[in-house]
Structure formats: structure tokens, C-alpha cells
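only geometry, no sequence info:
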């Protein structure tokens, strides 16, 4: 690591102070003003401690700190600094964010999406077995990974339009499952909601692409967290032994899963060489600060005006084609190439550093405003808050909404969640107006 270590550590301490300030304002680590900086305390500390052989620029880390400060200021403004949140049902009173009927509707839609995704996965698997001359067996399915990964990342070929359309649906299934899970009373229904991961997991095994499952987990988990904030009215505490243990176990499972998928991609015969497998994965897990530092030395050649934030949408409408892995260039770290530069490279590429500051302040404000509504019991806005959480969790890698499947997930979630709530509110408003009209008629008759 370069001599910038001291400057990078000071920037990490500044981000830690931001997280503390955010928590002090709302007494809730899940408030947007605290959540983003808190995550980045971990994201900054991890490579600075565990990857000291990678060269990290202090200036680059300070840029990240300034961008996070802009995000936090926007979030604080949206949450309302010093503003008391009116909480329906009382603070600390657990109340379901959604009715049982709405939760079951979300679960039913999650099942439909999962079924479509499963059909697409099985279609891809069995059609590929015949193309590559593999047997229809477990060994054949596990042997597809190297072929499909090479086809995607080396040859640059993509699947057919029908296959791609079917493979978009693991993410809506996971998002809807996460939204419904906290509000379901039956253990059987909760198991069905958790089973939304199965199509994404199977697709990752078949294609040897770990991002599919990681995206699905992010969709499910962030939806669950947002609904939990609504149900607990902002009183849920993350610094508990149970929660910390679950987070640690989840991180361990994620690393083990990534190792497994890398083995499938390289071929089962190389499963014994775990050290080599880890060295190949290490830049992806720990090299994002070093990659961002290397890119930051030159900066963007020209602004892309949103392409790296919504690359999938730009590609779909024909404005600009998206490269595999978002960025065409890579950085070599210890002999392994990586193109994971954090979300901040994309924002600066799109809008410049000043524009990124403004963009993040707007994102923070919207997230803070949505949090205020959710904490007050307005479950309509859980989807917006979940989107913020997802973007923060994925921020060491790239923009969360760079892929069309994730954009689709939130669009499906909007239809599934907002339309029933709007319709219910409309009917309640109509009933209240009818009652007021009848009351006025009765009063006139009495008079």
C-alpha cells in the first residue's frame, strides 16, 4: 500500500464520524443519514486492513468521503433535522406494515415471478446441454458453467431474446418475497417467501455467474429491512447479538458461495486448488478502493450523462450499448484484472464530481423523505427506502440499477404494492365522503 495510508485512514474516521452524527439525529442506524456512512465505514476499513498490498490513494478515499457527506446532508434534510416524526401506532409498537391480504397478494405474485424465472432457467439449462453435448444429469448441469461463462465473458455473446426475457424474473420474485415475509403469519407462507431465492441460485449454478444470486439476495434483504423499519416504527436495533451473528454468517456464506461459483466456472477438476481460486476472487472482494484510486488518477474523459447509472436502460432503448461488466477497462491487481470501481466512478463519469455531489444529495433527500414516511407507518414508501438500501449495499461494486432485471423488479414492486394501497385508500376516501354526506343529510333532517 502506498504512503497515502494515513490520509485514507483519516478519511475513514471522518466517515465514521458522519455515521455517528446520522445516528445521533434519529437514534436509528437504519435511517438513511446513518445507514450509508455506516456501511462505508466497513467498506473502507475492509480493504485498508485486509488488502494492504493494494495501492490506495488518500485523495480518492477523501473524494468518497465528500460524496458520502453530500448523500448524508441530503438525507438529513429529507428526514427533517430536529423534526419530530409523528408515528402511527406509537413508537416501538410492532404493527404489520401490510395487511395479511396484501402480504398474500405479494407472495402470490412472487411465486408467479419465480415460476417464470424457473422456466427460463430450465429452458437455458436443457437447451445448452444439447448444444455442448453434455448428458442430462447433475454432472452435466454442473459442467455447463465453464461453457456458458466463456460464451458470455470471452466470446461476448448473449442469450436469445426469449431466454433473456425469462431470466429477468428472479429479481422481482426476490423483492416481492422480501416485502411479504415480515407480514406473513404462517410459517408455511414464510418458507414460500424465502424460496424466492431458488430460481436465482439455480441460475447461478447453471451459468457460473454469482451476481444473479447476490442481486436476488440484495433485493430480498433490502425489502425485508424497509418493511421492518415500517413495522417497528424505527425502533429496530441492529447492534444485537442475534443480528450481528446473522450478518457475520451471511457474509461467510456469501464468500463460500462465491468460491463455489468460481470453482464451477473454472471446472470441477480444479476444486482442490482453493488458494488459487481465492487469489482470483480477492481483487473483486477487496480491490475496489485500489481500482477506484487507479482510475481517479486520470478521471473521466467526457461525461456520460447517466449511462453508467442506468446502463441497461440506455442499452435497451438503443442510445448506447453496455459492455459486459459495465466498464470496458480493467485494473491489474497482483496479476488479476478487476473492473470493480465502486458506484462513485460511474457517478463521476456520468455527471462530473460536482454533479455527483448534487446527484447524491438529491438521492439522499428522497431516501430521507421516504424514511420519514415509512417510520410514520406509511407503508407506501417502503419500496423507495428499499431501493436506497440496495444502492448502498451494492455501492462498492457499481450502480445497483445498471441491469434491467433490477429496474424491472422495482417496477413490478410498484405495481404490486402501490396500486392495491392506492385503490384501498381511494375506496376508504370514497366511504368517508359517503358517510359525511349521509351525516350532513341526517343533521339537516333533525334540524
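Okay, I see it. Not measured: the values here are computed from a predicted model.

by contact count, what packs against the host helix or strand of residue 206?
Here residue 206, judged by DSSP states H and E, is contained in helix 198-207. Packing partners of helix 198-207 (3 or more CB pairs under 8 Å, 6 or more residues apart in numbering; DSSP states H and E): helix 100-131, helix 138-142, helix 144-153, helix 170-180, helix 211-232, helix 241-266. Placement of C-beta: from N, CA and C, glycine included.

Need the winner for burial among these.
helix 170-180 (a mean of 31; mean count of other CB atoms under 10 Å).

That one packs against which elements?
helix 100-131, helix 187-194, helix 198-207, helix 211-232, helix 382-394, helix 404-446.

which residues does residue 98 contact?
Contacts for residue 98 (CB atoms under 8 Å, 6 or more residues apart in numbering) come out as 106, 179-180, 183, 227, 379.

Turn the residues you listed into TSV, columns for distance to residue 386.
Converted to TSV, those look like this (distance: CB to CB, whole Å):
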residue	distance to residue 386
106	13
179	8
180	13
183	14
227	8
379	11
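
With pLDDT and distance to residue 233 as extra columns, can I get the residues you listed in JSON lines?
Formatted as JSON lines, the contacts of residue 98 follow (pLDDT from 0 to 100; distance: CB to CB, whole Å):
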{"residue": "106", "pLDDT": "92", "distance to residue 233": "21"}
{"residue": "179", "pLDDT": "94", "distance to residue 233": "17"}
{"residue": "180", "pLDDT": "93", "distance to residue 233": "19"}
{"residue": "183", "pLDDT": "90", "distance to residue 233": "15"}
{"residue": "227", "pLDDT": "93", "distance to residue 233": "12"}
{"residue": "379", "pLDDT": "84", "distance to residue 233": "11"}
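
Specify which member of those residues is nearest to residue 56.
Relative to residue 56, the closest of those is residue 227; by CB to CB it sits at 36.8 Å.

mind checking how far the residue lying closest to residue 177 once chain neighbours are set aside is from residue 173?
Leaving aside its sequence neighbours, residue 177 sits nearest to residue 196 (CB to CB, 6 or more residues apart in numbering; 3.3 Å). Distance from residue 196 to residue 173, counting by CB to CB, to the nearest Å: 4 Å.

Same question for residue 359.
On the measure of CB to CB, residue 359 and residue 173 end up 30 Å apart.

for residue 205, same thing?
17 Å.

Tell me how many other residues crowd residue 76.
Counted with other CB atoms under 10 Å, the neighbours of residue 76 add up to 22.

Pretty sure residue 301 sits in a strand.
No. Assigned with DSSP: H, G, I helix; E, B strand; the rest coil, residue 301 falls outside any strand and is coil.

what separates it from residue 349, distance-wise?
Residue 301 is 9 Å from residue 349, by CB to CB.

Between the two, point out the one with more neighbours.
Set residue 301 next to residue 349 and count neighbours by other CB under 10 Å: residue 349 wins out with 23 against 7.

surely the more buried one meets residue 306?
No. Using CB atoms under 8 Å, residue 349 is not in contact with residue 306, being 9.9 Å away.

Poorly predicted segments of this protein, please.
Confidence mapping of the chain against pLDDT under 70 gives the ranges 1-3, 81-94, 152-157, 266-275, 311-326, 328, 420-447.

residues contacting the nearest residue to residue 180 once chain neighbours are set aside?
Spatial nearest neighbour of residue 180, excluding adjacent residues (CB to CB, 6+ apart): residue 106 at 3.9 Å. Listed by CB under 8 Å, 6+ apart, the contact partners of residue 106 are 98, 176-177, 179-180, 416-417.
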